[in-house]
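In: here are the coordinates; sequence isn't available:
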């Protein structure tokens, strides 16, 4: 999997966001063993301490659990994963609407544009 890290925001935050996305999309299935700090750091090309910070934040968010014998595991809490997934969707929708409003679209025009451009119909 590709890591697209930029210099405009803290690296640990970008790592956390990417790992969160991978959890909510099922790239890391619920209840499965989570890669180690070293594995992830090597894959992303970052310092293990930076990756550790991102993983600590995932634990605080309830997406990853530490187990002394098994290492880290992706949470089995489907409700928590869905809550985070829904939060991410809301953030994307808010950013989209703000961008459209920045182009001068009204809420009604945004809705119309979505109907016109719907690739699922």
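Out: Perfect, I can see it now. None of the values given here were measured: they were computed from a predicted structure. Numbers count the residues shown, from 1 in each chain.
In: ok, which stretches of this structure are strands?
Out: In the chain, strands defined by DSSP state E lie at 64-67, 71-74, listed in chain order.
In: now the last one: how far from the chain's centre is it?
Out: On the basis of CA atoms, centre = their mean, to the nearest Å, strand 71-74 sits 17 Å off its chain's mean C-alpha point.
In: just the residues contacting it, thanks.
Out: 23, 28-34, 36, 55, 59, 63-67 (CB atoms under 8 Å, 6 or more residues apart in numbering). All C-beta atoms are positioned from the backbone trio N, CA, C, and that covers glycine.
In: also the first one?
Out: Strand 64-67 is contacted from outside by 23, 34, 55, 58, 59, 72, 73, 74, 75, using CB under 8 Å, 6+ apart.
In: okay, buried residues for stretch 68-85 please.
Out: Of the residues in stretch 68-85, those scored as buried under the neighbour-count criterion (16 or more other CB atoms under 10 Å) are 72, 73, 74, 75, 80, 81, 84.
In: cool, and stretch 19-29?
Out: Of the residues in stretch 19-29, 19, 20, 23, 24, 28 count as buried by neighbour count, 16+ other CB under 10 Å.
In: as JSON lines, these with distance to residue 89 and pLDDT would be great.
Out: As requested, the buried residues of stretch 19-29 are arranged in JSON lines below (distance: CB to CB, whole Å; pLDDT from 0 to 100):
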{"residue": "19", "distance to residue 89": "17", "pLDDT": "97"}
{"residue": "20", "distance to residue 89": "12", "pLDDT": "97"}
{"residue": "23", "distance to residue 89": "14", "pLDDT": "97"}
{"residue": "24", "distance to residue 89": "9", "pLDDT": "97"}
{"residue": "28", "distance to residue 89": "19", "pLDDT": "96"}
